[in-house]
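>>> return atomic coordinates for the entry below.
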Amino acid sequence: MTRRAELPEPKDRRNPGEEFLASEIDDNRRAEFWLIPKTFLSLAIVAALIVLREVFKL
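Purely as a prediction, here's the structure:
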């Protein structure tokens, strides 16, 4: 589970506090980390489709 569930919602939305902001940044960083393997997977699928198109002249 994310650390967000551990922290209460900030009372003041304009100034949520350093601890809350640090946890938000960490959560976002972890989520963005998973974009790297997804990018390589997408590139591999596109490359495979291009190879199939060139081989079978579809």
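>>> sticking with residue 28, tell me its helix or strand.
Assessed by DSSP states H and E, residue 28 sits inside helix 18-33.
>>> against which helices or strands is that helix packed?
Counting contacts by 3 or more Cβ pairs under 8 Å, 6 or more residues apart in numbering; DSSP states H and E, helix 18-33 packs against no other helix or strand. Where C-beta positions appear, they are placed from N, C-alpha and C, glycine not excepted.
>>> quick one: it to chain centroid distance?
On the basis of Cα atoms, centre = their mean, to the nearest Å, helix 18-33 sits 11 Å off its chain's mean C-alpha point.
>>> same check on stretch 14-23?
That offset, for stretch 14-23, works out to 21 Å (Cα atoms, centre = their mean).
>>> coming back round to it: immediately after the helix holding residue 28, which helix or strand?
Assignment by DSSP H and E places the next element after helix 18-33 at helix 35-56.
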